[in-house]
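**Student:** This is a predicted model, with the sequence first.
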Amino acid sequence: MENNNSEALDIFLAESKEQLSSLQELLLDTEDNHNFSFARIAELFRLVHTLKGSAAMMGYTALAEVTHKYENVLSLLRDKAEKNISIDEKKMKEVTTLGLDFADLYLNASTDPGKYEAGGEFSALEGSLATLGQSMGQKAEEQPAKAQTDAYPPELWLYERVRIMLNHCGMAYLRAFMFQQAIAQLCAKTYTMPSNIGTRAELQQQILEKGFELGYIRKKGIADHEVLDILKRQPMYKSITSLVSTGSGHTSGKTTSAKMLSVKADNVTNLLGLVTEALSLQALLEQYLHRRDINDTYIEHTFKKIQWCTQGIQMGLNDMGLLELGQVFLPTKRLIRKLLSETGKQAEAVFSGGTVMVDKGVLTALNEALLHLIRNAVDHGIEEPEERKKAGKPVKGIIKVSAYEEKERLILTVEDDGYGIDRAKVLRKAKERGLLTKQEDKYTQKEIYGFILQSGFSTKEKVTKNSGRGVSLDVVHEALKKIGGFMEINSQEGKGSRITLNLPVSLSVIKALRVQISNKEVFVPSSVISQVVALNGTQTFTGDGTVQIADRNYSILGKLGDAEYLILLQSGAAGYCLPCQELKTYETVFVKPLPKVMKALLQGNNIYLGCIIDSLGKVRCILDVNLLIQKVKARGGQYETVS
């Protein structure tokens, strides 16, 4: 009974998060599309019923109780829908609001039950749900006559649990209580099931026939066998059976669990197939190496097959670590709903591209960026209903969030049909802050948009809790730069704005081009390469460090020297290119942090996002193109070295 059963908790948390996510998506969709059908309400009811059962199974009594209250409300709605009784939209909105509150509480309480079991969050939500139910015609739940009830303790997963059978005896309920008392000094907590067993004479026959359950959490330093030895020495002891073992040494506090990852079964099957193939080929290669009559061609062919397998395994494992972008859409939808409710504005939210896969680092950065962009769209973009009417627009605005993958880059767009960016207002604010360096009519659209990316810049006249402090687009801009991304802004005054984020799909495993620059071998991420052009004399070079290619000017990063190629880079509206002496191979590489020694040597000259260790054991650096461009701008020209 020493094994640790926190695996049950891991599964509970993982499944609960998935179910709560589905619940929130369904609630928001139900409200947005006015879908109050019996099938939809029944689907919501089933989800909540499952969550209630899971909480009860884990011994989270208060959580199961509040879930039961929300289940009652959905049961009432389901009955109305089944009888084709119309459901008031205002009530449904309240059901959605309380449902979202319930989802937050369930998630928080399941990860930190000690705090929430003792707090007032449950009772507050229970009261709101009871009031809502009664306003919809629900009768108050009948209170049973005062009698002994059986309930598991909170955090049941922490307890060692056994079932004890007794020999035939009188006052079996008292005998059972003596078992509990016998281990009290060795344990921090104990319980019996049935509860309060020592005061319930009516349980005599049940205990003799079925035994009773005893749960305990051992004190620190007490071994499990010590507890069992004492139980086995008690009078009338017959047998003891383990029900579940958790072997925990603590009694309360926030629960911790191993990180769990949802993986498609097909991905695992494919990986197992590749591993099996690689092992077979390895055995075959070993045989070849011990035989003198084998031609080198056989060995080379087998080696290439093994190489193919290992590459497949590497990419498969990388894919398993990717997450659906749709995971950040849910909190975004909730934020839009909240902001519209607070501001009194009206807008429809349209999302697409939720199935695009990105790694966790990108997803985390996007989550914060999206929240800022949505606040910006609602507060700065969408007009008040009356203003939209006067402008000849539909009262209800549109906020579109779309995403797609292109050349290992994620392209995410947030678009609204609101005010658009007011050129005159931006210039006026820039002038007030002393940012103008030339006449206002000389500024291009791109330069004007550059002002709103500066820290503290806002065109809002009044500061609200959602905007006006100038910490929106600049935060997004800086966050993107850190992960090799950039942002483009397009706007038409009176028509709306579109902000496009361009960033890598993965930060850990990338495809990169091995090149030689200034006699150094480095990697350039393929996701930032637009095109590779051979220098053949057809290009037009200017004296200010630029080259014209296909009617577009590109700033040259570095010295041309004896370069034979130009790598054209994707870096927003501005054009940049990187001269290189030799193109080698495209490779899939695992990005490692730069060694501390190398960081110390580079100091302020670091232009790398990481490095790899090649097959010869040499460290090869991976260029951070955005960082390189920043260095070039800071120095007002070319960057001297890539070493």
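**Tutor:** Now that the structure is in, tell me what you want to look at.
**Student:** Could you use CA atoms for every contact and neighbour count after this?
**Tutor:** Will do.
**Student:** And the pLDDT for Gly637?
**Tutor:** pLDDT recorded at Gly637 is 55.
**Student:** Repeat that for Lys91.
**Tutor:** 83.
**Student:** so who does it touch?
**Tutor:** Leu132 (C-alpha atoms under 8 Å, 6 or more residues apart in numbering).
**Student:** how about the helix or strand that contains it: buried residues?
**Tutor:** According to DSSP states H and E, Lys91 maps onto helix 89-111. Counting neighbours by 16 or more other C-alpha atoms under 10 Å, one finds that the buried residues in helix 89-111 are 92-93, 95-100, 102-103, 105-106, 109-111.
**Student:** Point out the least confident one among those.
**Tutor:** Lowest pLDDT among the buried residues of helix 89-111: Thr111, 72.
**Student:** how about Gln531, what does it touch?
**Tutor:** 567-569.
**Student:** In CSV, could you pull the C-alpha coordinates for the helix or strand containing it?
**Tutor:** For Gln531, the host element (DSSP H and E) is strand 529-534. Taking C-alpha atoms only, strand 529-534 is exported to CSV below (Å, rounded to 0.1, in the frame of the first residue of the first chain):
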residue,chain,number,x,y,z
ILE,A,529,13.1,33.1,-45.3
SER,A,530,11.0,34.6,-48.1
GLN,A,531,13.3,33.7,-51.0
VAL,A,532,17.0,33.0,-51.8
VAL,A,533,18.4,35.0,-54.7
ALA,A,534,21.7,34.2,-56.5
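**Student:** which element follows that strand toward the C-terminus?
**Tutor:** Counting by DSSP H and E, what follows strand 529-534 is strand 540-541.
**Student:** What pairs with that following strand, parallel or antiparallel?
**Tutor:** strand 546-549 (antiparallel) (DSSP bridges).
**Student:** got a list of contacts for the strand it pairs with?
**Tutor:** So strand 546-549 is contacted by 539-541, 553-556 (C-alpha under 8 Å, 6+ apart).
**Student:** Not counting its neighbours along the chain, what's nearest the residue lying farthest from the centre of the chain?
**Tutor:** Of all residues in the chain, Gly170 has its C-alpha farthest from the mean position, at 58.4 Å, by C-alpha atoms, centre = their mean. Nearest residue to Gly170, sequence neighbours excluded (C-alpha to C-alpha, 6 or more residues apart in numbering): Gln204, at 7.9 Å.
**Student:** can you pull the buried residues of the host helix or strand of the one you found?
**Tutor:** Taking DSSP H and E as the criterion, Gln204 maps to helix 204-210. Residues of helix 204-210 classed as buried: 204, 207-208 (neighbour count, 16+ other C-alpha under 10 Å).
**Student:** Determine the set of other helices and strands touching the next helix or strand after that helix.
**Tutor:** Per DSSP H and E, the first helix or strand lying C-terminal to helix 204-210 is strand 212-218. Here strand 212-218 touches strand 160-166, strand 187-193, going by 3 or more C-alpha pairs under 8 Å, 6 or more residues apart in numbering; DSSP states H and E.
**Student:** out of the ones you listed, deepest packed?
**Tutor:** Across these, the average number of neighbours (mean count of other C-alpha atoms under 10 Å) peaks for strand 160-166, which reaches a mean of 21.
**Student:** would you list every one of the strands in the stretch 401-550 of the chain?
**Tutor:** 409-416, 486-492, 496-504, 509-517, 520-525, 529-534, 540-541, 546-549 (DSSP state E, counting those that start in this stretch).
**Student:** among those, where is the model least confident on average?
**Tutor:** Among the strands of the stretch 401-550 of the chain, strand 540-541 carries the lowest mean pLDDT (a mean of 82).
**Student:** didn't Val414 look like it was pressed against His372?
**Tutor:** No - at 10.8 Å, Val414 and His372 do not qualify as touching, with contact defined as C-alpha atoms under 8 Å.
**Student:** neighbouring contacts of the helix or strand hosting Asn376?
**Tutor:** Following DSSP H and E, one finds Asn376 within helix 360-376. Defining contact as C-alpha under 8 Å, 6+ apart, one finds that helix 360-376 is touched by 321-323, 325, 328, 332, 335-336, 339, 414, 466-467, 472-473, 475-476, 479-480, 483, 504-507.
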